[in-house]
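Enquirer: fold the stuff below for me.
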Amino acid sequence: MATYKTPGVYVEEISIFPPSVAQVETAIPVFIGLTQTSEDTKGNDLEGIPTKIKSMVDYRLLFGGPEKELPTFTISGTGTATDPYTATPATDIPITPTNMMYYALLMYFGNGGGPCYIQSIGAYGSAPDLVKYTSMLGNVKKEDEITLFVFPDLINLANDPYHDVLKLALMQCADLGDRFVICDVREVSGGINPAEDSSGPFRTGIGTSNLMYGAGYYPYLKTTLNHVAADEDIVINGVSGATVLRVAESAFEGLDPVAKAALEATSLFHASSGDFKQTYYDIKQMISDTNLVLPPSSAMAGIYAAVDANRGVWKAPANVSLNQVSKPNEVLDNTDQDGLNVHTGGKSINAIRYFTGNGTLVWGARTLDGNSNEWRYISVRRFFNMVEESVKKASEFFVFEPNDANTWIKIKSMIENFLILQWRDGALMGAKPEDAFFVKVGLGETMSADDVLNGKLIVEIGMAVVRPAEFIILKFSHKMIEA
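Expert: Coordinates of the predicted model:
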């Protein structure tokens, strides 16, 4: 209290309200993988630095485009009615790119994703290993805003390092308590039961620790995306002088007629006064007919972000349709999903399924800890992450405050006010707030005299978080005639 010495009227403002809890962001993923470039607008190298972006425009500016993976096309034939020009790719056009960061971002933003972080671990062509990923995870650990892990290129690693990276990410999630791993279950094809053949190695490799902090998804997705490549980057053989599909129009600016003609000769589109224009369109059609097959984690990150924004982190990210997807790479039925969703060893894997009339839907909402009554569901785990992190940040205000009843009442009121808002939004079960949660703090209730002497202020918080209705059971029976 101030000391007054001069007579007069003084005004004091008394703070009676506790500070409020600000809800942290719940769906800010980091994409860790290879990029074309990694340089900001000032020329600074961004490799190994988690960099926040908000759109594909930001991504292209800082990290470039996709890897150029289209094969060389050879032109044959004489151009006659009986022997038309034909374009043949040197190899099959790949349906799953080697480096998928660019296409993963397209799937993420296309499915409702917002701001995210990019962690470049090197340029296309490099071969990241477990040591490299471990180093990158150390860098990501320092970025507090991140809440989700996505590894677009991880399936290119061998089985052991592939699973080891996921286990390291799960360990970091458990250590920090504020993030979650979206795992791709590597597809194993060629067997009688692809779902079992794929889920078996994943369950074996992922281990048994920290499973509540991750979720696995299967199978891969047949997307509506095509290879993104400029015409000038597509190599042509078999036509005299022509080396590329088409020269960019900007390359002709300022050229005299002779130089322009020489440059046109290197382009299939312009070669021989346009004799090969139909062949040009045939090649473009071949590329557009090749729809990419991608792992589901990036699309799921977008789904998480969209559901969190539209409903809340407490709503399970399931029974939601996927954008830019024609169908799953493997068609699953109920029998296939039985072994994925509920397994004797736990480690549930969420299926993505095609339903006639409804399209492709996410049809699973479990963490990898599928046999746990506490942490079985993704929405429950991520809601606790959000509340824990939000309350933790708000409680920093009380560090070094007097450890007395006044402080206890303020911190209890602050947390209760926040949880009441969550209850009103539908995140907590109960007809009234006291049924939905409790907040306890006080001497003899959560603290002993020794705790107070040692500077400990202990608050106990319990929440009845809503859980998804995973199994809706309709029971029918005959009713006896009464009249």
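Enquirer: number of residues surrounding D450?
Expert: Residues near D450, counting by other Cβ atoms under 10 Å, number 8. C-beta here means a position set from N, CA and C on the backbone, and glycine is covered the same way.
Enquirer: pLDDT score for it?
Expert: Confidence at D450, expressed as pLDDT, is 95.
Enquirer: quick one: contacts of the host helix or strand of it?
Expert: Using DSSP states H and E, the secondary-structure element containing D450 is helix 449-453. The contact list for helix 449-453 (Cβ atoms under 8 Å, 6 or more residues apart in numbering) reads N403, L443, I458.
Enquirer: and the first one, its phi and psi?
Expert: Right, the one you point to is N403. phi -90, psi 70 (degrees, to the nearest 10).
Enquirer: G455 is in contact with that one, correct?
Expert: Yes: counting by Cβ atoms under 8 Å, G455 is a contact partner of N403 at 6.8 Å.
Enquirer: of these two, who's got more company?
Expert: Between N403 and G455, N403 has the larger neighbour count (other Cβ under 10 Å), namely 18 against 9.
Enquirer: distance of the more buried one from S20?
Expert: 22 Å (Cβ to Cβ, to the nearest Å).
Enquirer: check G43 too.
Expert: Counting by Cβ to Cβ - G43 and S20 are separated by 42 Å.
Enquirer: which of these two has more neighbours?
Expert: Remark: of G43 and S20, S20 carries more neighbours, 12 against 6, as counted by other Cβ under 10 Å.
Enquirer: show me where this protein has its helices.
Expert: 56-63, 101-110, 130-141, 159-176, 194-206, 257-264, 271-274, 277-288, 297-310, 334-341, 378-395, 405-425, 433-436, 449-453 (DSSP state H).
Enquirer: for T35, find the nearest of those.
Expert: In terms of Cβ to Cβ, the element of the helices of the chain nearest to T35 is helix 56-63, at 4.0 Å.
Enquirer: which residues sit against the closest one?
Expert: Defining contact as Cβ under 8 Å, 6+ apart, one finds that helix 56-63 is touched by 35-41, 46, 51, 53, 101-102, 105-106, 109, 118, 120.
Enquirer: repeat the analysis, applying 10 Å as the threshold.
Expert: 31, 34-41, 46-47, 51-53, 55, 65-66, 101-102, 105-106, 108-110, 115-116, 118, 120, 123 (Cβ atoms under 10 Å, 6 or more residues apart in numbering).
Enquirer: for stretch 135-142, same thing?
Expert: 30, 32-33, 47-50, 117, 119-122, 128, 146, 149, 151, 165, 168-169, 171-172, 175-176, 179.
Enquirer: list the ones among these that fall in strands.
Expert: Secondary structure from DSSP state E places V30, I32, G33, Y117, Q119, S120, I121, G122, F149 of these in strands.
Enquirer: just give me the closest of those residues to A436.
Expert: F149 (30.5 Å).
Enquirer: give me every residue that touches the closest one.
Expert: F149 neighbours (Cβ under 10 Å, 6+ apart): 29-32, 119, 137, 140, 165-166, 168-170, 172-173, 179-183, 213-214, 297, 301.
Enquirer: among the residues you listed, the buried ones, what's the PyMOL command?
Expert: The PyMOL selection below is limited to those of those classed as buried (16 or more other Cβ atoms under 10 Å):
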select buried, resi 29+30+31+32+119+137+140+165+166+168+169+170+172+173+179+180+181+182+183+213+214+297+301
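Enquirer: who are the contact partners of N373?
Expert: By Cβ under 10 Å, 6+ apart, the neighbours of N373 are R467.
Enquirer: angles on the backbone of it, please.
Expert: The phi/psi pair for N373 (degrees, to the nearest 10) is phi -70, psi -30.
Enquirer: for V380, see how far away it is.
Expert: According to Cβ to Cβ, N373 and V380 sit 10 Å apart.
Enquirer: who touches both of these two?
Expert: In contact with both N373 and V380: R467, using Cβ under 10 Å, 6+ apart.
Enquirer: and the pLDDT for the residue nearest in space to the middle of the chain?
Expert: Residue closest to the average C-alpha location in the chain (Cα atoms, centre = their mean): A301, at 2.7 Å. With respect to pLDDT, A301 scores 97.
Enquirer: show me the contacts for it.
Expert: The neighbours of A301, taking Cβ under 10 Å, 6+ apart as the test, are 27-31, 104-105, 107-109, 111-113, 116, 148-150, 152, 182, 317.
Enquirer: can you give me the pLDDT of the closest residue to it other than its chain neighbours?
Expert: Closest residue in space to A301, ignoring its immediate chain neighbours: P29 at 4.5 Å, by Cβ to Cβ, 6 or more residues apart in numbering. According to the prediction, P29 has pLDDT 97.
Enquirer: does P29 touch F180 like I think?
Expert: Yes: with contact defined as Cβ atoms under 10 Å, P29 counts as touching F180 (9.3 Å).
Enquirer: any shared contact partners between the two?
Expert: Common neighbours of P29 and F180 (criterion: Cβ under 10 Å, 6+ apart): T147, L148, F149, Y304.
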